[in-house]
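S.K.: Need a 3D model of the following:
(one chain, ligands or ions: 2)
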Amino acid sequence: GSDDDLSISDKETEQNLKIAADVIKNSDDVVAFPTETVYGLGGSALNDASVKSIYRAKNRPADNPLIVHISSISQFYRILLPKGYKIPSIYESIISKFWPGPLTILLPVGEDSPLSKFVTAEQPTFAVRMPKHPIARALIALSDTPIAAPSANASTRPSPTLASHVYHDLEGKIPYVLDGGACDVGVESTVVDGLVNPPMLLRPGGVSVEEIRNADTQWEDVILAKKTAGKTEAVKTPGMKYRHYSPTARVIVFINCEDGSKTVNEFLESKKIPENARIALLRSKYFEPASSISNKIEIERLLGSTGSEISRNLFKYLREVDEMGVDFILVEGVDESNEGLAIMNRLSKAALEVVNGSFK
Ligand code: TXA
Ligand code: MG
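M.R.: Ligands and ions are numbered 1, 2, ... in the order given. Now for the predicted structure:
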């Protein structure tokens, strides 16, 4: 009884989707699958045991709630929303603009909600999004089950944007990974709470604040939730208080550098860097090639020159150079406009230190 028309054509993909959908619908186990943002680790949002399997596999703290993924609005109403309930009109224009896509909204948990209580971690709200990736959509539709899915990394690690990243982190802990190649967006969805006034952006992501502001002329403004919260502080979004996106190597982000080569050089010559440290550089628009900066830089990767390229490559290159065993990853920071806000949010969480070149 699915609401969707599956447009998956090749036989092997179809077979694999059937196996995965069966795990979601009929077992307490989980499956990793591609979305347009990052790979998700999915289990039935209706089944306590499945949701517990998710937390266990990635070693996620139990008080950090999960996003529920749906394949269509009709499925959402039929399975998750009480009869007569309407999605609040505040969300109308952003839903019509950005679903399917990298936008997550918060809704109240109804009294008779069929959602597992472990999905919401006892929040009065739940987070939901309709992904765009055809494999994600097909999996949700085929299983006809709303899928709870955090990013499919081990907790604290950078999110996975390739099936091999999931395999690296979760090998032996989950039965299947559906391989859909590289994720197009590369950073997670934008999380918006429209139940408060003014609406609040809980996590910048694949849809930019600028796009949200342009989409909805009814909204006065969107407030950005503060970036960090203390361990015991009551937070709007529990994810904020945990270490995240961290490679093993120490990440140093450089911002406001008028002369990037000079600032990086000074840092490399400082006492913070041991004599034999192995250094990687991830650069984007303005930094010169490593060879013109310092011969101490052993590995370099070009993140890209546009916001969408940098988003797509960020986690991949953080993981790639980390696996080469470097001690420090130096990263060229970007402007916090458009895609830059989500990029700098992830980088500042990954970073041990942000070096401010103080260029105004
Ligand atoms: O793009 C994405 O959103 C990916 C793909 C797989 O869909 N998923 C993802 O999930 O990034 P996760 O679990 O890594 O991040 C979910 C974020 C966390 O910061 C969590 O705290 C927040 O959403 N969240 C979930 N439910 C919430 C709620 N009821 N209230 C506030 N924040 C919530
Ligand atoms: Mg995550």
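S.K.: Next, count neighbours for the nearest residue to residue 161 once chain neighbours are set aside.
M.R.: The shortest distance from residue 161 to any residue other than its chain neighbours is 4.3 Å, reached at residue 183 (C-beta to C-beta, 6 or more residues apart in numbering). Glycine gets a C-beta too; all of them are placed from N, C-alpha and C. Neighbour count for residue 183, taken as other C-beta atoms under 10 Å: 27.
S.K.: gap between residue 183 and residue 33?
M.R.: 11 Å (C-beta to C-beta, to the nearest Å).
S.K.: now residue 282
M.R.: 27 Å.
S.K.: quick one, which of the two is more surrounded?
M.R.: residue 33 (30 against 24).
S.K.: Hmm, that one is touching residue 135, no?
M.R.: Yes. Residue 33 is within contact range of residue 135, at 6.0 Å (criterion: C-beta atoms under 8 Å).
S.K.: Overlap of the contact sets of those two?
M.R.: Common contact partners of residue 33 and residue 135 (C-beta atoms under 8 Å, 6 or more residues apart in numbering): 178, 180.
S.K.: quick one: stretch 314-323 near ligand 1?
M.R.: No. With C-beta under 6 Å from any ligand atom as the criterion, ligand 1 is not reached by stretch 314-323; the gap is at least 11.5 Å.
S.K.: What residues sit buried inside that stretch?
M.R.: 314, 315, 316, 317, 318, 319, 320, 321, 322 (16 or more other C-beta atoms under 10 Å).
S.K.: And for stretch 205-218?
M.R.: By neighbour count on 16+ other C-beta under 10 Å, the buried set for stretch 205-218 is 205, 206, 207, 208, 209, 211, 212, 215, 216.
S.K.: Would you mind measuring from residue 264 to residue 279?
M.R.: Distance from residue 264 to residue 279, by C-beta to C-beta: 9 Å.
S.K.: related to what we said a few turns ago, now, which of the buried residues of stretch 205-218 lie within helices?
M.R.: Per DSSP state H, helices hold the following members of the buried residues of stretch 205-218: 209, 211, 212, 215.
S.K.: re earlier: can you tell me how far the residue nearest to residue 161 sits from residue 88?
M.R.: 30 Å.
S.K.: how about the helices of the stretch 251-360 of the chain, start to end?
M.R.: Assigned by DSSP state H, counting those that start in this stretch, the helices in the stretch 251-360 of the chain fall at 260-269, 290-293, 307-323, 339-350.
S.K.: Quick one: closest of those to residue 152.
M.R.: Closest approach to residue 152 among those (C-beta to C-beta): helix 307-323, 11.7 Å.
S.K.: so residue 215 touches residue 93, yeah?
M.R.: Yes. If you go by C-beta under 8 Å, residue 215 and residue 93 touch, sitting 5.3 Å apart.
S.K.: for residue 13, what are its contacts?
M.R.: So residue 13 contacts residue 135 (C-beta under 8 Å, 6+ apart).
S.K.: Tell me how far it lies from ligand 1.
M.R.: 19 Å (C-beta to the nearest ligand atom, to the nearest Å).
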